[in-house]
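Visitor: show me how the following folds:
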Amino acid sequence: MFVTFIRTIIMYFFVIISLRMLGKRQIGELEPSELVVTIVISEVAALPIQDTSQPIISSLLAIALLLVLEMLLSFGAYKNFALRKIFFGTPSVFYEKGKINQKEMARQRFNLNDLMETVRNTGATSLAEVDYVIMETNGNVSVIPKPDFGPATPRDLKIVPASQNFISYVLIDNGHINDNNLRRLGFNREWLTKQLKSRKIPDASHIFCMTADRTGEIVIIKNDTHKERKKR
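Guide: Reported below is the predicted structural model:
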């Protein structure tokens, strides 16, 4: 029982690290090779947990080899278009400027109901409102609307935006200071301390969430646990 417990912990962290090294795609966005590697890794990882007679080092080496092969294939596809086409394929155009590519739809087993459902999911009501329907190499289907049916932008309306958009970063997460985000914004802990003192907040432990952007606009949500302690 203890051996199974230890093996489970080892395989859990090893598989998590391996999948993190593969990238940040969601399951529905994986390329075929990535999906295969993910499935095989899960199967290989389960073997030493289910059967304690199986040496765990064999599974670890197999997972490491799969990871190396996938990374080499990804790097090769990044450098070589022919290799990329063989292993990852190319996008399939199902609809282009009023014409339906029936041969490509048949090859991908993508029927007319699938096509119309995809179009409706974008808010369009008919093919007359779109220019392209394309299946990407990861299986997702992109719909590009006609200019007349696309969302209006400030440029279309000849409006000059009042200001730029700036991304807010989390500086304090449940009492913990994020030094990386502070540096990203050009701030430091001394600046952070001043901001808290100006708002009569003793320290970061009293903050559940604090965000800021490059303009210095700050949003602070206090930690409820401190309020509960005060009531007691």
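
Visitor: is it true that V160 touches T153?
Guide: No. Using Cβ atoms under 8 Å, V160 is not in contact with T153; the gap is 11.9 Å. No exception for glycine: its C-beta is placed from N, CA and C like everyone else's.

Visitor: so those two - more neighbours on which side?
Guide: T153 (9 against 6; other Cβ atoms under 10 Å).

Visitor: how long is stretch 179-194 end to end?
Guide: In stretch 179-194, first residue to last residue: 15 Å (Cα to Cα, to the nearest Å).

Visitor: let me see the mean pLDDT of that stretch.
Guide: Averaging pLDDT along stretch 179-194 gives 92.

Visitor: give the buried residues for it.
Guide: N181, L182, L185, F187, L192 (16 or more other Cβ atoms under 10 Å).

Visitor: just confirm the first one is within a helix.
Guide: Yes. Using DSSP: H, G, I helix; E, B strand; the rest coil, the secondary structure at N181 is a helix.

Visitor: check contacts around G175.
Guide: G175 makes contacts with A204, S205, H206, I207, F208, N223, as judged by Cβ atoms under 8 Å, 6 or more residues apart in numbering.

Visitor: change it to 10 Å
Guide: By Cβ atoms under 10 Å, 6 or more residues apart in numbering, the residues touching G175 are D203, A204, S205, H206, I207, F208, C209, N223, T225, H226.

Visitor: now M21
Guide: M21 touches L67, V68, E70, M71, counting by Cβ under 10 Å, 6+ apart.

Visitor: which among these gets closest to I86?
Guide: I86 lies nearest to E70 out of the contacts of M21, by Cβ to Cβ, at 15.0 Å.

Visitor: what is the neighbour count of that closest one?
Guide: Neighbours around E70, by other Cβ under 10 Å: 22.

Visitor: which stretch of helix or strand covers it?
Guide: Per DSSP states H and E, E70 falls inside helix 56-79.

Visitor: what does that helix rub up against?
Guide: 3, 6-7, 10-11, 14-15, 17-19, 21-23, 31, 33-34, 36-38, 40-49, 55, 82-88.

Visitor: at 8 Å what do you get?
Guide: 7, 10-11, 14-15, 18, 21-22, 33-34, 37, 40-41, 44-45, 47-48, 83-84, 87-88.

Visitor: in helices, which of those fall?
Guide: The helices, defined by DSSP state H, take in 7, 10-11, 14-15, 18, 21-22, 33-34, 37, 40-41, 44-45, 47-48, 83-84, 87-88 from these.

Visitor: quick one, which of those residues are buried?
Guide: Applying 16+ other Cβ under 10 Å to the ones in helices among the contacts of helix 56-79 flags 7, 10-11, 14-15, 18, 22, 34, 37, 41, 44-45, 48, 84, 88 as buried.

Visitor: for those residues, work out which two are farthest apart.
Guide: R7 and R84 (37.6 Å).
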